[in-house]
Structures are given as C-alpha cells and as structure tokens.
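Novice: When you get a sec, could you give me coordinates for this:
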Amino acid sequence: MLRKSALIILAFSLVACGAATPPPSEFTTGAFTISPAFTGFYESHGSLLLFGEPISAELDENGVTVQYFQNAKLEYHPQLPDGNQIILSSLGEAYYGRSPCVPPAGIEPNALYFNDCHSVSPEFRAFFEEQGGVAFFGYPISERYIFNGWLAQNFERAAIMWDGSKPVQYQFGLLPLGSLACPASRCDAGLRSAIPLPPVATPTPEPTSAGSISSFYIAHGGSRVFGLLLTSPRAGQDGALEQVYENAILYQNPAIPEGVSLRPLGLKALGAPELPAAKLNGPNTIFFTGYGHNVSYAMYDFFKAYGGEVVFGQPVSEWRIVDNHFVQYFENAVLTLRLDMPPDQSVQMVNPGRQALLGQSPSASALRSVPPQMLILVTEPVYDVLSPVDEQQTLKARVLDENGAPVAGAKAAFVVQTPGGNMEYVVDATDAQGYASYSFALTSFTPGNFMLYEVTVSYDRLSAKSGGSFVTWGNPSP
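Specialist: From the prediction side, this is the model:
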C-alpha cells in the first residue's frame, strides 16, 4: 500500500497535457463551455467518449480551478511543472474507498499487479496503459467485478467499465463519478449521466458459497481452475442451486457421487460436437469414445490433475490454434494451452462463466467460416514405431486459417525420407475439420534412427509447409 507521502509525491509526477498558460480558445460542447485550462487535456484523452459532457462551468474550489464532467472532475494546478498541471480528482477513492488487498497468489496471469494489493485486470490492461496508466487513473483499489451486466474495476481517480455488447471502439469507458460528485447547486441536473453506479458498500463483494459447491470447488483446483467467484448461490433455470465462477457454472446434482456438476458451457460455446477424429496412440494421450476425440500433451495432464471427465466432461473437439495458442473444447469447459506461460500456468480454463453472467454468448471464434487469408499447418506422427516390421505409422496434418478455424478442401502432400528413398503420398482434400493423414508401412529404415517427414498444403493461392520426425525401433525386415 502506498503511504500518504508517496501519494503526494505521485501527484507531482502525473502526466497530463495542460500548459502553464491556458490557451485563449475555448471548446464548447452541450450547454457548457470547456474551460481553456482543460481544453487540451480533454481533447488529447478521448474528449466526449471518455469524459462525457461538461456539466458545470469552470469553478473555484478552495483555491483550485476545477470543472466537472459526466465521468470525471478535472483539476488545474498551475504551480506544478509544465505538462503535469492537470489531473483527475480522486473520485474513485473518495466514493468507493479501498477494497481488501488480494495476495499475489490470487492474481491471474497477464494482470498488472501493484503494491502487493490490487491488479489491473487483463481485460482492462490495454485501455489502462493507453490512457497513461497510474499517472492518469491512479492505482487500482479493487479487483474487477460485475455490475449491471458490465465488467468494472475501481481506481483511485476513476472507475472503468467494459460493455461487450457495444462496437469495439465504444466498449471501454468511465463510470459517471463526475455526475455523482458535482454539487447540485453548481451542476446542470439535466446533463448528469443516467448510467447507474455500483453500490458503495460492495464494489468487490465476497459471495457466500453453498457447502457442497464450495467443497467441490476446493477439491478440484479452486481459483486456479474455476477463477473468481462471481455470484452468491442462486436457483438455475432448472431449479438447481448454482454458483457462477469466471470459468464455469457449478450446480448441485444429487445424481452423481460428489453431488456437484458443471453446466455444459464448453459445448454451448462450440455449438455442436466436431466430427470424430482418428485415435492417437501415445503415452500422454487418451481417446474418448463418446464424441470420438483425443486429449493429449499438457492439456491431458491438466485434465487428469483437476478431475478429468467428472469436471470437464468429454472432449467435443480436437485442439486447434487460436491467436498463437492451443484451444480445445470440452462439454463443460474450454481449455487453452499457452506456450509463452510458465509450465504450471500454461493450461488455463477460458471464462465462459463470466461471459454467461454478462449475458453474452461464449466465444467460438475458432468456428468462424471466412475465406482464409493464411494457412497454419500442424503436423504430428501418431507414435514412434516400436516394431517397424509389424506396425504402420500414421502422419497426421491439420490445416487451419488465421483465426484457428479448420480449412476443408486443402490439398496435402506427404514426403517421408527413408534410407531407400522418399515415400510420397497426396491427399486431394482435407476433411471438414481440416485433417489429412497418411498411413504407411516402412520398408527401409535404420533401427533407432530418426525418420524425417515433411507436409506441404495448398488452398487456392495459399500454401504452408511443416515437418518433423519420429523414431523407428526394432529390427529391419529381412
């Protein structure tokens, strides 16, 4: 936590766009003229979109020049250095106060953590940094929370909200703390924002947990798996007691041993199960016959560690690449594997629980049907060949577009390099899920050596190439 003296020092280092001498021109919007002292700052920080309409004239408050806007109160301090003379009043802290601190272990990846207390949510981080970060908003004084269908977070000088139902350029904004703070005798009541504000007492409420749901939550990974608790116990549409977490909705289900299940948000996000895939054979892979899909690699480890089918349900898709990371859909969840994260954090659940609470459809952007602008090719051998004389190898390739959606109808050419020459095979068209495969018996190999392969795919005027290797064991055929 910052001490008061540190806050005073910070005030003299804030970045703003005011000048030592206010510009002579005036900027007018609505019923009030924006003070020349604040015009430059207002225009350079988003103008009407960020601050809203001015709801007062320029005022003097205890010797400080101020002006109220729907979403903020600006202060002019000519004694500060040039470029640092305009700041936002600390309306966030004045109205909400500081919520209890959150330990580092409770902070999610990609959040911006400050002062061993609160973090800037990943959803707000880009907006926070674009506007100037701490210098503009002050430090976060709460974690994110949901209010009135919005995702919101409180800062010392403002409260940020996100409304995903709006066009992208209008999704982020400030809650109308200026309308709240401006004295009625000095502000135009008709211009005050009509947007409701979260209650003062519970900006980051700690919902109570139903006993069996809470036990299930703790037993299967807690916040590491399910994220933060967003609601108190409530009745679901089927009458069952449920609670919404960021990444899942847990509900009481007396028909199963633990008495708690997850709502099938993963299947809802996907829309329908993908067509069955070929079974993979590997030491870190399991094939589920229900929908005909594999769970492999790090996702399999995460899947096993936190409850398997009891928690996640069966896989309803194979993994795919979306925005440079792997995504796989399960009946009850969506898992993502990020290779840029530490191993213990590399697999995470996506947040359909929060999306459901916000009234949005969970994203299934990987299913969008658009003409591909580029091809992404992923290849793998099904397994190392332990007995080349008796076993066949299968090479598997999947073609995706730039959004991670499968590309059907792509041509795939396989080449396997063997001591006796290349083995070649062409698949005329990938299937509906973007897959092509080549199964073959090896007639020439060296025991224990790597066999190299390469796959080239083409679709319209696009192409991609990828390769790899596998090991052959056993004795060569006579």
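
Novice: Might you calculate how far stretch 127-135 sits from the centre of the chain?
Specialist: 19 Å (C-alpha atoms, centre = their mean, to the nearest Å).

Novice: Over to stretch 31-49?
Specialist: The answer for stretch 31-49 is 33 Å, by C-alpha atoms, centre = their mean.

Novice: same check, this time on stretch 319-331
Specialist: 13 Å.

Novice: quick one: buried residues of it?
Specialist: For stretch 319-331, a neighbour-count test (16 or more other C-beta atoms under 10 Å) marks 319-322, 325-331 as buried. Backbone N, C-alpha and C define where each C-beta goes, glycine included.

Novice: next one: stretch 210-229
Specialist: Applying 16+ other C-beta under 10 Å to stretch 210-229 flags 210, 212-214, 216-217, 220, 223-229 as buried.

Novice: cool, stretch 103-117 as well?
Specialist: 107-108, 111-112, 114, 117.

Novice: Take that stretch, keep the C-alpha atoms, and write them as PDB.
Specialist: Backbone C-alpha positions of stretch 103-117 (Å, rounded to 0.1, in the frame of the first residue of the first chain) are rendered in PDB as follows:
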ATOM      1  CA  PRO A 103      -2.400 -11.700  -2.300                       C
ATOM      2  CA  PRO A 104      -0.100 -12.300  -5.300                       C
ATOM      3  CA  ALA A 105      -1.200 -16.000  -5.500                       C
ATOM      4  CA  GLY A 106      -4.700 -14.800  -6.300                       C
ATOM      5  CA  ILE A 107      -3.700 -12.700  -9.300                       C
ATOM      6  CA  GLU A 108      -4.300 -14.200 -12.700                       C
ATOM      7  CA  PRO A 109      -1.700 -14.400 -15.500                       C
ATOM      8  CA  ASN A 110      -1.300 -11.200 -17.600                       C
ATOM      9  CA  ALA A 111      -2.800  -9.000 -14.800                       C
ATOM     10  CA  LEU A 112      -0.700  -5.900 -13.800                       C
ATOM     11  CA  TYR A 113      -0.200  -6.200 -10.000                       C
ATOM     12  CA  PHE A 114       0.600  -3.100  -7.900                       C
ATOM     13  CA  ASN A 115       1.800  -2.500  -4.300                       C
ATOM     14  CA  ASP A 116       1.000  -6.000  -3.100                       C
ATOM     15  CA  CYS A 117      -2.600  -5.100  -3.100                       C
END
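
Novice: contacts for it?
Specialist: Outside of stretch 103-117, the residues within contact range by C-beta atoms under 8 Å, 6 or more residues apart in numbering are 1-2, 98, 101-102, 119-122, 125, 128-129, 134, 139-140, 223, 227, 341, 345, 348.

Novice: quick one, what contacts the nearest residue to Val327 once chain neighbours are set aside?
Specialist: Nearest residue to Val327, sequence neighbours excluded (C-beta to C-beta, 6 or more residues apart in numbering): Thr336, at 5.1 Å. If you count contacts by C-beta under 8 Å, 6+ apart, Thr336 has them with 322, 325-327, 347-350.

Novice: Relative to Pro254, which of those residues is nearest.
Specialist: Nearest to Pro254 among the contacts of Thr336, counting by C-beta to C-beta, is Met349 at 24.8 Å.

Novice: Strands - which of the buried residues of stretch 319-331 land there?
Specialist: 320-322, 325-329 (DSSP state E).

Novice: least confident pick among these?
Specialist: On pLDDT alone, Val322 ranks lowest of those, at 74.

Novice: That residue pairs with what?
Specialist: As for beta bridges, Val322 partners with His325 under DSSP bridges.

Novice: so how many other residues sit close to Asn62?
Specialist: 5 (other C-beta atoms under 10 Å).

Novice: ok, now Asp60?
Specialist: 8.

Novice: Then the one 10 residues further on?
Specialist: Gln70 sits with 25 neighbouring residues when counted by other C-beta under 10 Å.

Novice: Skip the chain neighbours and tell me the closest residue to it.
Specialist: Looking at Gln70 with C-beta to C-beta, 6+ apart, the closest residue is Gly52, at 2.9 Å.

Novice: ok, that neighbour touching Lys73?
Specialist: No - between Gly52 and Lys73 there is no contact under C-beta atoms under 8 Å: 11.4 Å.

Novice: Spit out the residues that contact the two alike.
Specialist: Gly178.

Novice: circling back to that earlier point, quick check: helices, which of the contacts of stretch 103-117 are part of them?
Specialist: Taking DSSP state H as the definition of helices, the contacts of stretch 103-117 contribute 122, 125, 128-129, 134, 223.

Novice: secondary structure element for the closest residue to Leu59 other than its chain neighbours?
Specialist: Spatial nearest neighbour of Leu59, excluding adjacent residues (C-beta to C-beta, 6+ apart): Val66 at 5.3 Å. Using DSSP states H and E, the element containing Val66 is strand 64-68.
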